[in-house]
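# need coordinates for the below:
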Amino acid sequence: MKDGITPKEIQKKALKLWNSGRVLHSFLEKETLFPWEIKFRKPNAQEQLDHFPEIRQWIIALKKHSKESGIVSYAIEYKISKHRLLGEQQIPARILFENQKDFLHSICKLTEFDALLKAYQQSCVKYPVLHDWIVAKPRLFMRHQKNWHKLLNVCHYFMQNPRPNCYIRELEITSIDSKFIEKNTAILSELFELILPSESINQSIDGLKKHGFERRFGLKYDEPVIRLRLLDKSLQPSPVLSDLSLPLSQLSNWDVNCWRVFITENKINGLAFPDVQDSLVIFGLGYGVDSLAKIPWLSNCEIYYWGDIDTHGLSILSRLRRYFPKAKALMMDKETLQQHQSLCVEEPLKARCNNQLNYLSKDEQALYVDLQRSNQRLEQERIPMSYIESRVKYC
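Now for the predicted structure:
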């Protein structure tokens, strides 16, 4: 019969119910889910007349895979249809799984369901708080069932060794390798939130981005590396060390005895920046200037930011001022732009920044609006070194 439900489609609907987690949820909550009826379209009187052979074959196929054939499967309930030409006909009116066992056997999930229950029971004995989580998120629990014991092993380790202050690679947990933890930070994070005591969790860290898992649960991670040049030889820790790249935490703990800090967006301009007494230059961060907020001694310095004269350069300047309100712009003004008109290029429309910038001065805000209208862009590396030296000299 055209559009008649098939045994294969019944199986598909049953698997969809299983994958939704409703079967596990209803069992744990002692809710009544079975008998569970499968909705389907019944043939009307005209279709019975027009497609009698097809309907007969459809009914035979349904019966073959139902309990009527002596297998553990779905049941069919019939309705007697009295047709003027065909006489009495038994037409399927309901297709249903009468109980949970029939349902699970039909989709070959009995063993898996038993394993889920065993994992659930063992988990709740050890961590009772997991009951509500599993009931609320049965699909997530089912998705991780194969590795559930491993996940709990990791939880147990962190209970015994809170905030271990090492890299994931250094953790020694029986039968657990670092790759497993790295691939499962999302689910581990959820479980840690439930199981670990609050003092073992850095509540100020939210989400998994930027090594959020490691920072929230007391692990080391591959930190951002900040590159800088010491522009005054007297600041160098050694005569041969002027160009340095340091992990953020090390730079935070190294209180460089300098007065001025220049920050430049472009790497080559950081390398070519002129020598300046009591100063250093940090370069190559772009929008990564947020990381500088974690360097406490910068607040005691006079900070100058030199970026491209375009919408994104001013956006980064505004971003920097969220953390360092007194930061000054260097060579990011109308005077510099006008003096180098011939060196300007067009900023692509699709790449232009249109965000509201809340930390610009009145003049900078006016320049930002002009740049949005004119599409002009003056890149740092186009400005002659002689001009740079003349402007830096008066900082």
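# tell me where the stretch 151-300 of the chain has helices.
Ranges of helices within the stretch 151-300 of the chain are 178-183, 185-195, 212-216, 248-253, 267-272, based on DSSP state H, counting those that start in this stretch.
# pick the most buried one from the ones you listed.
Highest mean neighbour count among the helices of the stretch 151-300 of the chain (mean count of other Cβ atoms under 10 Å): helix 212-216, with a mean of 18. Placement of C-beta: from N, CA and C, glycine included.
# what about the strands in this structure?
36-38, 75-83, 87-97, 225-230, 243-247, 260-264, 279-283, 302-306, 328-329, 345-346, 376-377 (DSSP state E).
# got those as CSV, with mean pLDDT, mean neighbour count and distance to Thr111 columns?
Conversion of those to CSV gives the following (pLDDT from 0 to 100; neighbours: other Cβ atoms under 10 Å; distance: least, Cβ to Cβ, whole Å):
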stretch, mean pLDDT, mean neighbour count, distance to Thr111
strand 36-38, 93, 17, 20
strand 75-83, 80, 13, 23
strand 87-97, 82, 16, 18
strand 225-230, 94, 18, 50
strand 243-247, 94, 14, 49
strand 260-264, 96, 24, 61
strand 279-283, 96, 23, 60
strand 302-306, 97, 22, 63
strand 328-329, 96, 18, 67
strand 345-346, 92, 11, 65
strand 376-377, 92, 20, 64
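# which one of these lies nearest to Gln11?
Across these, Gln11 has its closest neighbour in strand 36-38 (10.2 Å, Cβ to Cβ).
# partner strands of that closest one, parallel or antiparallel?
The strands that strand 36-38 pairs with in its sheet are strand 87-97 (antiparallel) (by DSSP bridges).
# extract the CA atoms of the partner strand and return them as CSV.
The C-alpha coordinates for strand 87-97 follow below in CSV (Å, rounded to 0.1, in the frame of the first residue of the first chain):
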residue,chain,number,x,y,z
GLY,A,87,-17.0,-7.8,2.7
GLU,A,88,-15.5,-7.9,6.2
GLN,A,89,-11.8,-7.0,6.3
GLN,A,90,-9.4,-6.9,9.3
ILE,A,91,-7.4,-3.7,9.0
PRO,A,92,-4.6,-2.7,11.5
ALA,A,93,-5.9,0.0,13.8
ARG,A,94,-3.1,0.1,16.3
ILE,A,95,0.5,-0.9,16.3
LEU,A,96,2.1,-0.9,19.8
PHE,A,97,4.9,-2.2,21.9
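# so Ile181 sits against Ile187, correct?
No. If you go by Cβ atoms under 8 Å, Ile181 and Ile187 don't touch, sitting 10.6 Å apart.
# the stretch 1-150 of the chain: helices as residue ranges?
Using DSSP H, counting those that start in this stretch, helices in the stretch 1-150 of the chain cover 7-20, 22-28, 45-50, 52-64, 100-106, 110-126, 130-136, 138-143, 148-160.
# next, the buried residues of the fourth one.
Counting neighbours by 16 or more other Cβ atoms under 10 Å, one finds that the buried residues in helix 52-64 are Phe52, Ile55, Trp58, Ile59, Ala61, Leu62.
# now the third one: how far from Gly4?
From Trp58 over to Gly4 the distance is 4 Å, taken as Cβ to Cβ, to the nearest Å.
# for the second one, same thing?
Per Cβ to Cβ, Ile55 is found 7 Å from Gly4.
# thinking again about what came up before, can you redo the strands of the chain as TSV with distance to His131?
Formatted as TSV, these follow (distance: least, Cβ to Cβ, whole Å):
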stretch	distance to His131
strand 36-38	24
strand 75-83	33
strand 87-97	27
strand 225-230	45
strand 243-247	42
strand 260-264	52
strand 279-283	51
strand 302-306	53
strand 328-329	57
strand 345-346	61
strand 376-377	59
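# of all those strands, which one comes closest to Ala136?
Using Cβ to Cβ, those put strand 36-38 closest to Ala136, at 21.5 Å.
# thanks a lot, catch you later.
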